[in-house]
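Undergrad: Curious how this folds, go ahead:
(3 chains)
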Amino acid sequence: MDTPSPTVPQDRDDGRNHPPHDTVDLPAQLPSALAQATGQSGVSSPPKAGNRIGDTLFLAASRGSGILLLCIMAAIAIFLGWQASKSIGSNHGNFFTTFEWNADATPPVFGIAVLLFGTVVSSVIAMAVAVPVAMGIALFISHYAPRRLAQPIAYLVDLLAAVPSIVYGLWGALFLVPHMNGLTSWMNDYLGWTYVFGQSDSVAGSAPRNLFTVGVLLAIMILPIITAVSREVFRQVPRMHEEAALALGATRWEMIRTAVLPFGRPGVISASMLGLGRALGETMAVATVLSPSDKLNLHIMDPGGGTFAQNIAAKFGEAFDNGRSALIASGLMLFVITLLVNAGARMIIARRKEFSGANA
Amino acid sequence: MSAQANHRATSPLAGRTLTSGRLPTWAPAATAVAAIAVGCAIGAGAGLSSHIQWGLIAALLFVAGNYAVAARVEGPRQAKDRLATSLVWVCFILAVIPLVSLTVYTIQKGAGVISGTFLTHSMNGVISSEPGGGIYHAIMGTLEQVGLATLIAAPIGLLTAVYLVEYGRGRLARTVTFFVDVMTGVPSIVAGLFVLSFWIIILGFSFSGFAGSMALSILMMPVVVRSTEEMLKLVPNELREASYALGVPKWKTIVRIVIPTAIGGITTGIMLAIARITGETAPVLLLCFTTDVINTNPFQDAQESLPLYIWHQYSLGNDQTYARAWGAALVLIAIVMGLNLIARGIARWRSPKAGH
Amino acid sequence: MAKRIDVSGLSAYYGSFKGIEDISMTIEPRSVTAFIGPSGCGKSTFLRTLNRMHEVIPGARVEGKVMLDDENLYGAGVDPVAVRRTVGMVFQRPNPFPTMSIYDNVVAGLRLAGVRKKSLLDAVVEKSLKGANLWNEVKDRLNKPGAGLSGGQQQRLCIARAIAVEPQVLLMDEPCSALDPISTLAVEDLIGELKSQFTIVIVTHNMQQAARVSDRTAFFNLAGVGQPGRLVEIDDTQRIFSNPSVQATEDYISGRFG
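TA: Got it, this is the predicted structure:
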């Protein structure tokens, strides 16, 4: 009877219980063949010392990159805050309630009321139009479209998500604006009583370079990105949950409502926030379409108003020292708003985590 | 029949019969045709000038018609299902129209403008209202700015991702992850303002292509970190352990095993990030200024870029400049789409194949 | 309540591939019928044709007749959604809706059917969970997520969800294959109780299980590699396990292949 071959003392569970990417204590001596196989050139030199230096350097480099990234974020906050405080200190108007933007006048008077209003209104319109439509297209691609159609459409949507915003702006100004004429006057005629969708008599018939058109253009712009992310989420819904709903006698729509939408909700929220972030910060598409003014007007069909980003792009060319600092202050406000929106979305997602389906 | 009715009244689950009224399969298509016809008739009859309205009326009729017919024939649950189906189709068509229009219109307007001269000449000495001139200086500027931004952002982003996936434990990693998220949300114009305040106002440098590159790299970094992170996480742990078991040090395992395994996905992510910043206008508007002449030195003086050129030509506002803007827009789209297609090609080519 | 199923000449396809061929059998009401056979022989495919779940896979289709008492499930004008309301199904892996509480999971089918009355829903939840032998374990945490239960409890929750809509027939696709022995025992006991009300069809890989729970057993086998699956024989469970009429059945049961 043969003696059993000596087994290497080895912890069989090592692979599973080990923390995923922990450092592994390396054997002191590397057999030269192994070193060759793994591409190590200097076989004769004591490997251990060299490895330690290599490891240290590499760790330092990668950790340094992470720290550098943090420094950049800190620098953004510090420099913007510093410049902003300089200009706000000199402001003779109230930064939050003043309508006009005369930062280089003496005394400087400027405020973000109009910009805040315009940014919020155009983004709200964009979200109201884009989110339902994007979810529709995402469902179309993941659950409704004939299989042969779905793949090319998904591809097309991905490509459209990459079209630069300046191109959307150009198209919006030269193609969409003239085509919005009829819709604008029609809405004025029939929805004018809502006040919001009405037009002042003085501007009737002028080109619809207004917040509503901006909102529609932003919606078209953020549609592909929201669609692309939502589609991925809907596609990841486990088949067994869909079958569970179907086996209960659900129609296709009921299956989507019970299995697909609840599962996809966090993903759709983050997709929408991604879109909202772009809409809030979008510069060029707004700058080309809107005809700005420093009036806060609740008639969103009237030309006029402005957004943070559009105002910066438009006023930057002729701004002097204080003008620039004032624009930086408004940029900081935009940054803060974007941060708040993102934080809000995260909280919504975290609160529903127990039911998120991530643990299924 | 009356027994059936009784059963329906008492049971919460109405409708136990398997056969219920069913619409023929061509019904939705027929409704669509009818809705379009009636929509056009109403539009033409009422003299509505905007075709957007015609389309909206037809879409509304289609959804309502489908629901009404299904509700009569098939019952409320089926009708809701039909309603959802028709809404999804309408959403799809509503969205496809503007997106296709954008593509077609750009090609239509831009294709006529593009010529050898357009691609190889700058705007130097060209009167804006006259034809002629080109985008050579803008293409050069874009290539240099994007190239520099990639040189800054790609290594930092890659190393940060390596840190997060391979080393990241504890508070620093969590903080970095959090701020990468925050950075993803930085609006492009804010990145521009930051470099403006830091580089130009405080350090006193002048406008240059490089200043634009710095802002673009800030926008690019979080995208590279995120996509690289995802790709590194996909590398199976067994590979790392196999390498450690051979006595290969950790850093060499990462450089020789982990990164090469994920290189396809990493490259794809970087290419998509490049495509994204190539079209960014706002930061370059603040930092590169604008010029009509060729400036191949990104570190000194104003430099043009393609998005900037489009904006500049648009704001000059006459037919000739609009035409040039469309031409440049088409070239810009072509570049971005090209980068996207290359990225996808790499992803497909390097994707892990099942079995060798 | 329970109905008889009469299958004749049924074949099922995945695209151009024929998964099962020409199956005919009768499934008695208020009894448990078990399907056994080697992997890939089409047991699950056949089971899924009994409530028209087969066709939710893209490209899949069915030929033949399935009579539920006197109605053909594949007849003209039959609504697959109505079929699935009548023929319930429990899957291999427990699949409670992860986004719903235990309570909401049980009443999911009723809510779909438009039942909103709270008192009625409460009654159904208690009745179904008791019917699934789960009531005592979960009655204090009905509003907790269903995905938080153990595997065996989740599977009984899925059974409760299926019987809450009062189907005529209950199909079970290897309901215990993802469960530990104790949970398996609980589900098997439950199957024994449920057969007084429902026609139960169960697919299983475990022959002891088939012998324990079923009244009748059907043995499926492949005609050959790449060939469609066929029904070899169906008979009383006792006969199948003691004295089958086909040699292949005996070979399979005695462990000579499969």
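Undergrad: any bit of the helix or strand hosting A:Pro132 sitting next to chain C?
TA: For A:Pro132, the host element (DSSP states H and E) is helix A:113-139. No: with C-beta under 8 Å from any C-beta of the partner chain as the measure, helix A:113-139 is seen stopping short of chain C, the closest distance being 15.9 Å. In this view, the C-beta of every residue, glycine as well, is placed from N, C-alpha and C.
Undergrad: which parts of whichever helix or strand comes after that helix are buried?
TA: The C-terminal neighbour of helix A:113-139 among helices and strands, as given by DSSP H and E, is helix A:147-160. Across helix A:147-160, burial judged by 16 or more other C-beta atoms under 10 Å in any protein chain shown covers A:Ala150, A:Ile153, A:Ala154, A:Leu156, A:Val157, A:Asp158, A:Leu159, A:Leu160.
Undergrad: what packs against the helix holding A:Pro132?
TA: With contacts defined as 3 or more C-beta pairs under 8 Å, 6 or more residues apart in numbering or on different chains; DSSP states H and E, helix A:113-139 has these neighbours: helix A:211-235, helix A:261-281, helix A:308-316, helix A:321-351, helix B:76-111.
Undergrad: Just confirm yes or no for whichever helix or strand comes after the first one near chain B.
TA: Past helix A:211-235, further along toward the C-terminus, the next helix or strand under DSSP H and E is helix A:239-247. No: Helix A:239-247 is not in contact with chain B by C-beta under 8 Å from any C-beta; minimum separation 12.3 Å.
Undergrad: Give me the contact status of the following helix or strand past helix A:239-247 with chain B.
TA: Next helix or strand after helix A:239-247 toward the C-terminus (DSSP H and E): helix A:252-255. Yes: under the criterion of C-beta under 8 Å from any C-beta, chain B is reached by helix A:252-255 at A:Arg252, A:Trp253, A:Glu254.
Undergrad: Would you tell me which of the helices and strands packed on helix A:113-139 gets closest to B:Arg22?
TA: Ranking the helices and strands packed on helix A:113-139 by proximity to B:Arg22 (C-beta to C-beta) places helix B:76-111 first, at 8.3 Å.
Undergrad: hang on, the earlier thing: contacts with chain B among the buried residues of helix A:147-160, please.
TA: A:Ile153, A:Leu156, A:Asp158, A:Leu159, A:Leu160.
Undergrad: Any figure for the gap between the fourth one and B:Ile342?
TA: Going from A:Leu159 to B:Ile342 by C-beta to C-beta, to the nearest Å gives 13 Å.
Undergrad: Tell me what angle the longest helix seen in chain A forms with helix A:321-351.
TA: Longest helix in chain A by number of residues, with DSSP state H as the criterion: helix A:47-90. Put simply, helix A:47-90 runs at 120 degrees to helix A:321-351, going by axes from the mean of the first three to the mean of the last three C-alpha atoms, to 10 degrees.
Undergrad: Find the closest residue to chain C in the stretch 1-150 of chain A.
TA: A:Arg147 (5.8 Å; C-beta to the nearest C-beta).
Undergrad: hang on, the earlier thing: including distance to C:Asn243, mean neighbour count and mean pLDDT, could the helices and strands packed on helix A:113-139 go into JSON lines?
TA: Formatted as JSON lines, the helices and strands packed on helix A:113-139 follow (distance: least, C-beta to C-beta, whole Å; neighbours: other C-beta atoms under 10 Å in any protein chain shown; pLDDT from 0 to 100):
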{"stretch": "helix A:211-235", "distance to C:Asn243": "51", "mean neighbour count": "25", "mean pLDDT": "91"}
{"stretch": "helix A:261-281", "distance to C:Asn243": "50", "mean neighbour count": "22", "mean pLDDT": "88"}
{"stretch": "helix A:308-316", "distance to C:Asn243": "84", "mean neighbour count": "25", "mean pLDDT": "91"}
{"stretch": "helix A:321-351", "distance to C:Asn243": "61", "mean neighbour count": "19", "mean pLDDT": "86"}
{"stretch": "helix B:76-111", "distance to C:Asn243": "50", "mean neighbour count": "19", "mean pLDDT": "87"}
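Undergrad: right, and these - which one's nearest A:Thr97?
TA: The nearest among the helices and strands packed on helix A:113-139, by C-beta to C-beta, is helix A:321-351 at 13.3 Å.
Undergrad: Show me how far the closest one is from its chain's centre.
TA: 13 Å (C-alpha atoms, centre = their mean, to the nearest Å).
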